[in-house]
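**Q** Give the three-dimensional model of this entry:
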Amino acid sequence: MTHHTRSADAEPRSRAVPATRDPRPGDSPPDGVPLPEQALPEGAAPSPGQGLPWARVRAQGGPEDRARAVDRGQGRGQGRDQGRDQGVALEGGAEPGGGLVRFAVSSHTLRALASTEPSAEGTRLVRDVRRSKRLLLLRAVLDAAPGAEAAERWALLEEAERQDPEAVRDVLHYPATGVWAEETLRRLHAPQGPPPDLAHLGALAVAAALRAGIGFKATLRPVGGRLALPTLGLLRPDRPGPLALTERSWDSCATLPLHALPGGRTALDDLDPYRAPPAAHPAPVRPARRLTPKGHKRWDTQWSGALTLLERYDSARADEIGRLLRTVVPLGGGTRSSGATLPAAAGSVLARAQAPPALAATLVHEVQHGKLAALADILTLHTADRTPRLWAPWRSDPRPLEGLLHGAYAHLALAGYWQRAALYGARGAWAQHARVRAQVAAVLPVLRAQPQLTVTGREFVDGMAAAERTMDELPPPGDQHATARRALERERRAWCEAHPELAAFVQV
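**A** From the prediction side, this is the model:
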């Protein structure tokens, strides 16, 4: 069985949302922010709380398009070689002529993702969905932006892309770019509120031009005496006012480079103003302020230790993290959470400084949220509303179906990770595995019993349950699993006593 998105014709009429699904029962009407058209799965519905509202908009064809995406099946550059592509061409999104790329998810890929185990096809799908979604979002910003300045900035991006496509791709698909694009699109269509930060598009273009090594001239206005250049860091001019920039500016001005973590392409981003949503938005977590050199060194040590453990205990997950994680954003002080994932910042994890074993577990956990968010962008797993009524053993508050599904998925991966760590002799790993697995095993039947699951969602949950059952092949020694289940049952009874009105939703 293959799960297809809807095919798109010359004038697609499907609804478009950040998570590319239709509204679910109980969702509040959105503010009417237009988003680009995107191919949808059959019977699609939105994931509540995914960020931007949705609206109908036509996919635009023709050579005047400023952000054309080529057919993924044609490969890079083919549309341009045929004279059909006039914009930055990156895979995913719209096909030449105004059609849309369809994502097809086979049952094999769906179950591979459901197991949480890394796979080449699963990683490829997650990355393709993220890229397609980002291109469509950027195109919506360009279409809504007034005046000629945005087109001029995009022209510089096109020129840089001709010289170094990978550099432009990294800038456009940088996690913080997604936060900026969503916030900018929201502001462009808000009748009241702060103006959109369209100047940041110039920063994106300048960063891409600097990385591509092309000659250029541009004038940007620093904010607070600093100019943030995504993927590079900060420029700190010596005088206030507009700043004239050329290809030599990064070498001639005072700079604060983005901190690269050891052992790969992941950066520690404590500089980009869009590394997390603006402070005006309510959020359970906040990023830390810029770290000191001592703080960077501490992170280097903890990151290196976490990678060493991941590569020792679960090399496949270590590789997956390297492929899907572009940035880590340090969490601010006073945050209880060890980590968080923001749908707008695909490829980023917010995490607090912690010992290497805990950081390794946080990375495993949070990367799963990013994978499931990408899958839910193209497939409808459930049609439930946001009412919090379900017990999640890892939290004290009731959760909606969406939250419980995400939590169970991330904890399933943790159970597998701790099992592998235990087999390598990691201290305390068997107890961690038994506790987390007992939590997942307790909620999987509840998930499976939810009538709001779609056929695809039921298949996905069945795949999760199958992965949980395979852990029986390597049980913890002694009665650790039984002990964990008994402790969990006591917690469940206590939760039901605290929430008597929801006790019925705990039973299967």
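**Q** Can you show me the strands along the stretch 51-200 of the chain?
**A** 104-106 (DSSP state E, counting those that start in this stretch).
**Q** Same check on the chain?
**A** 2-4, 104-106, 217-220, 227-229, 233-236, 243-246, 254-257, 259-260, 267-268, 327-330, 339-340, 348-351 (DSSP state E).
**Q** can you redo these as JSON lines with mean neighbour count, mean pLDDT and distance to residue 151?
**A** (Glycine included, C-beta is placed from N, CA and C.) Output for the strands of the chain, formatted as JSON lines (neighbours: other CB atoms under 10 Å; pLDDT from 0 to 100; distance: least, CB to CB, whole Å):
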{"stretch": "strand 2-4", "mean neighbour count": "16", "mean pLDDT": "66", "distance to residue 151": "35"}
{"stretch": "strand 104-106", "mean neighbour count": "16", "mean pLDDT": "91", "distance to residue 151": "34"}
{"stretch": "strand 217-220", "mean neighbour count": "15", "mean pLDDT": "96", "distance to residue 151": "14"}
{"stretch": "strand 227-229", "mean neighbour count": "26", "mean pLDDT": "97", "distance to residue 151": "20"}
{"stretch": "strand 233-236", "mean neighbour count": "20", "mean pLDDT": "96", "distance to residue 151": "24"}
{"stretch": "strand 243-246", "mean neighbour count": "17", "mean pLDDT": "96", "distance to residue 151": "18"}
{"stretch": "strand 254-257", "mean neighbour count": "13", "mean pLDDT": "95", "distance to residue 151": "28"}
{"stretch": "strand 259-260", "mean neighbour count": "17", "mean pLDDT": "97", "distance to residue 151": "33"}
{"stretch": "strand 267-268", "mean neighbour count": "22", "mean pLDDT": "98", "distance to residue 151": "30"}
{"stretch": "strand 327-330", "mean neighbour count": "25", "mean pLDDT": "98", "distance to residue 151": "29"}
{"stretch": "strand 339-340", "mean neighbour count": "24", "mean pLDDT": "92", "distance to residue 151": "36"}
{"stretch": "strand 348-351", "mean neighbour count": "28", "mean pLDDT": "96", "distance to residue 151": "29"}
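**Q** nearest to residue 182, of those?
**A** Nearest of those to residue 182, taken as CB to CB: strand 348-351 at 13.3 Å.
**Q** Which elements pack onto that closest one?
**A** Here strand 348-351 is seen to pack against strand 327-330, strand 339-340, helix 356-376 when contacts are counted using 3 or more CB pairs under 8 Å, 6 or more residues apart in numbering; DSSP states H and E.
**Q** residues in contact with the second one?
**A** If I follow you right, that is strand 339-340. 284-285, 331, 349-352, 362-363, 365-366 (CB atoms under 8 Å, 6 or more residues apart in numbering).
**Q** Could you find which two of the residues you listed are furthest from each other?
**A** 284 and 363, at 19.2 Å, using CB to CB across the contacts of strand 339-340.
**Q** Please identify the buried residues of stretch 473-482?
**A** 476, 480-481 (16 or more other CB atoms under 10 Å).
**Q** out of those residues, which one sits closest to residue 399?
**A** Out of those, the member with the shortest distance to residue 399 (by CB to CB) is residue 481, at 24.2 Å.
**Q** so who does that closest one touch?
**A** Counted by CB under 8 Å, 6+ apart, residue 481 has contacts 434, 437-438, 475.
**Q** which of these tops the neighbour count?
**A** Highest neighbour count within the contacts of residue 481, by other CB atoms under 10 Å: residue 434, with 28 neighbours.
**Q** Make sure that residue is actually in contact with residue 477.
**A** No. Using CB atoms under 8 Å, residue 434 makes no contact with residue 477, being 9.9 Å away.
**Q** The closest residue to residue 193 other than its chain neighbours: neighbouring residues, count only.
**A** Nearest residue to residue 193, sequence neighbours excluded (CB to CB, 6 or more residues apart in numbering): residue 187, at 6.3 Å. Residues contacting residue 187 under the criterion other CB under 10 Å number 17.
**Q** Please tell me the pLDDT value assigned to residue 187.
**A** Looking at residue 187, its pLDDT stands at 94.
**Q** Return the residues in contact with it.
**A** 193-197.
**Q** In terms of neighbours, single out the busier of residue 284 and residue 363.
**A** For the pair residue 284 and residue 363, the greater number of neighbours falls to residue 363 (26 against 8), based on other CB under 10 Å.
**Q** Switch the contacts of residue 187 over to a markdown table; also include pLDDT, neighbour count and distance to residue 134.
**A** Formatted as a markdown table, the contacts of residue 187 follow (pLDDT from 0 to 100; neighbours: other CB atoms under 10 Å; distance: CB to CB, whole Å):
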| residue | pLDDT | neighbour count | distance to residue 134 |
| --- | --- | --- | --- |
| 193 | 86 | 9 | 24 |
| 194 | 89 | 10 | 23 |
| 195 | 92 | 9 | 23 |
| 196 | 94 | 21 | 17 |
| 197 | 95 | 16 | 17 |
